[in-house]
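Asks: sequence and predicted structure below; questions after.
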Amino acid sequence: MTATNKIYTTHFWLICLSSLLFFASFNMLIPELPAFLTQLGGADYKGLIISLFTVTAMLSRPFSGKLSDKIGRVPVMMLGAVVCVVCSLFYPLLTTLNAFFLLRLVHGFSTGFTPTGQAAYLSDIIPSHRRGEAMGYLGTASGIGMASGPAIGGLVANQFGWSALFYLSSFFAVLSVIILWSTHETLKEKQRFHVSMLKVKGKDLFEPLVWEPCLVMVLATYAYGTMFTLFPDLGVHMGIQNKGILFTWFTVASLIVRLAGGKVSDHYGRIPVLRVSVLCIAIAMVVIGLAQNQWMLIAGIVMYGFAHGTTSPTLLAWATDLSDEHHKGRGVASLYIFMELGIGTGAFLSGWLYHNESSNFFFTFMVSSTLAGIAFVFLAIRPLLARA
C-alpha cells in the first residue's frame with residue numbers, strides 16, 4: 001500500500017463527493033436568482049442576493065467551529081447540507097421580497113457549517129506536509145460542483161422553469177446528506193450535544209493565531225462577491241444568453257489549477273504562492289473591468305479562476321498549519337468568517353456601486369482590484385513587519 005493510498009482513504013473521497021454535490025446544490029441557483037428577484041419586484045436589491053447569504057454564513061462560523069470541536073465534524077457537515085435541502089424547497093413558495101430575503105439569510109447557514117466541518121475533518125486525517133495537496137483535492141471537488149451547478153441551473157431554468165431548478169437543488173443536497181451519513185467521525189474526544197455548547201464566548205469568535213491568512217482572505221474575496229453579483233448582468237450586457245456559462249469558465253479555470261496550486265504551496269511555501277495569486281486577482285479584475293467584448297471578458301474570468309483556485313486552498317492550508325491542535329475547528333471557522341465578510345461586503349458594495357448602470361462596471365471592478373493589490377503589498381512587506 002503506497003503512502004498516498006494510506007492518506008487518501010475512501011472516507012476522504014466520500015467527503016470530496018459530498019462537497020461536490022453540496023456546492024452544486026446552492027450554486028446552481030445563483031445565475032437565476034437575479035431574474036427571480038426582479039420578478040418579485042426587487043431589481044434594485046441584487047447585491048443582497050449574495051450578501052444576505054454570507055451574513056448568516058459568517059455569523060454561524062463561531063458556532064460551527066465550536067461544535068465541530070465538541071460534537072464532531074460529521075454532524076456539523078450534515079447540518080449544513082440539511083439546511084440546503086429545506087431552503088431549496090421553499091423558494092418556489094415565495095411571493096414577497098421580505099420572504100425572499102429571510103430565506104436567503106437562513107440558506108446562508110449551510111455554508112457556515114458544512115465547509116467548516118470539511119476542512120476540520122481533512123486536517124484530522126491529512127499530515128501537514130500534504131495538507132495543501134489535500135485541500136486542493138477538496139477544492140477541486142467543490143469547484144466541479146461550482147462549475148457544473150450554474151450551467152445546470154441555467155439550462156434547467158430555461159427549459160423547465162424556476163420550480164424545477166429549486167427542486168433539483170434540493171435533490172443534490174439530499175444526495176450530499178446520504179453520503180455524509182456513511183462517513184466515520186474523526187474527532188477523538190467527541191461529546192454529546194448540549195444546549196450550553198451554543199453559548200459562544202469571546203475566545204470562540206476568533207483564533208488570533210490565524211490573523212494573517214484572515215486578513216489576506218477578506219481582501220482577496222471581495223472580488224469573489226463582486227463577481228457573483230455582477231456576472232449575470234455583465235453577461236447580458238455582453239450578449240451572453242446562458243448566464244451560467246460565465247461561472248462555468250471561472251470554475252473550470254479554478255479546477256485546472258487547484259491541484260497544482262495546493263502541491264506548489266506544500267513545496268515552495270504558502271506565502272510565495274499567495275503573493276503571485278493575489279497579484280493575479282488584482283490584474284484579472286482590471287481585465288474584466290476593461291472588457292469590451294466576450295473574449296476579453298472570458299480571458300479575465302479565466303485568469304481570475306486560476307488566481308482564486310490557487311489562493312483558496314493555500315489560505316486554508318496556511319490557516320490549518322497555524323491553528324492550535326485542539327481548536328482546528330475554531331481556526332478554520334475564523335478564516336471562513338473573514339471569507340464570508342469579504343464576499344458579503346464585495347457583493348453588497350458592488351451591487352450598490354453598480355446600481356444597474358453598465359457604465360459603472362469599470363469602477364466597481366477597480367475597487368476589487370485595489371483591495372487585492374493591498375493584500376499583495378501586505379504579503380510582500382510581511383518579512384519586514386516580522387523583523388520590526
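Replies: Received the coordinates, thanks. As the structure is a computational prediction, the values presented were derived from the model and not from experiment.
Asks: so after whichever strand or helix holds Leu274, what's the next helix or strand?
Replies: Here Leu274 is covered by helix 270-290, with elements defined by DSSP states H and E. Heading C-terminal from helix 270-290, the first helix or strand you meet, by DSSP H and E, is helix 294-322.
Asks: that following helix versus helix 270-290: what angle between them?
Replies: 160 degrees (axes from the mean of the first three to the mean of the last three Cα atoms, to 10 degrees).
Asks: which of the residues in helix 294-322 are buried?
Replies: Using 16 or more other Cβ atoms under 10 Å as the test for burial, helix 294-322 gives 297-322. Where C-beta positions appear, they are placed from N, C-alpha and C, glycine not excepted.
Asks: so for it, mean pLDDT?
Replies: Across helix 294-322, the average pLDDT comes to 89.
Asks: before we move on, what about stretch 20-27?
Replies: 92.
Asks: now what about it, what contacts it?
Replies: Outside stretch 20-27, the residues within contact range by Cβ atoms under 8 Å, 6 or more residues apart in numbering are 80-81, 84, 88, 107, 110-111, 114, 141-146, 148-150, 152-153, 169-170, 172-173, 175-176, 179, 247.
Asks: restricted to helices, list those residues.
Replies: If you go by DSSP state H, the contacts of stretch 20-27 have 80-81, 84, 88, 107, 110-111, 114, 141-146, 148-150, 152-153, 169-170, 172-173, 175-176, 179, 247 in helices.
Asks: and Ile337, what is it in contact with?
Replies: Per Cβ under 8 Å, 6+ apart, neighbours of Ile337: Met58, Arg61, Pro62, Phe206, Cys214.
Asks: pretty sure the third one sits against Tyr336.
Replies: Think Pro62. No - if you go by Cβ atoms under 8 Å, Pro62 and Tyr336 don't touch, sitting 10.2 Å apart.
Asks: more neighbours: these two, which one.
Replies: Counted by other Cβ atoms under 10 Å, Pro62 and Tyr336 do not tie: Tyr336 has more neighbours, with 26 against 23.
Asks: contacts only, for that one.
Replies: Ala57, Met58, Arg61, Gly112, Pro115, Thr116, Ala119.
Asks: and of those residues, the nearest to Gly329?
Replies: Among the contacts of Tyr336, Thr116 lies closest to Gly329 (Cβ to Cβ), at 6.5 Å.
Asks: and that closest one, how far is that from Ser163?
Replies: 31 Å (Cβ to Cβ, to the nearest Å).
Asks: looking at those two, which is more packed in?
Replies: Thr116 (33 against 13).
Asks: so where is the stretch 201-350 of the chain shaky, pLDDT-wise?
Replies: 241-244, 259, 261-262, 326 (pLDDT under 70).
Asks: Arg382 reaches Glu212, doesn't it?
Replies: Yes - Arg382 is in contact with Glu212 according to Cβ under 8 Å; the separation is 7.4 Å.
Asks: settle it for me: which of the two has more neighbours?
Replies: Glu212 (20 against 15).
Asks: got the contact list for that one?
Replies: Counting by Cβ under 8 Å, 6+ apart, the residues that Glu212 touches are Trp318, Leu322, Arg382.
Asks: list the contacts of the second one.
Replies: This means Leu322. Leu209, Val210, Glu212, Pro213, Gly331.
Asks: tell me the one of those residues nearest Ile374?
Replies: Nearest to Ile374 among these, with distances taken as Cβ to Cβ, is Glu212, at 13.7 Å.
Asks: so can I have JSON lines of the contacts of Leu322 showing secondary structure and distance to Leu40?
Replies: Shown next, in JSON lines, are the contacts of Leu322 (DSSP: H, G, I helix; E, B strand; the rest coil; distance: Cβ to Cβ, whole Å):
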{"residue": "Leu209", "secondary structure": "helix", "distance to Leu40": "44"}
{"residue": "Val210", "secondary structure": "helix", "distance to Leu40": "39"}
{"residue": "Glu212", "secondary structure": "helix", "distance to Leu40": "42"}
{"residue": "Pro213", "secondary structure": "helix", "distance to Leu40": "38"}
{"residue": "Gly331", "secondary structure": "helix", "distance to Leu40": "39"}
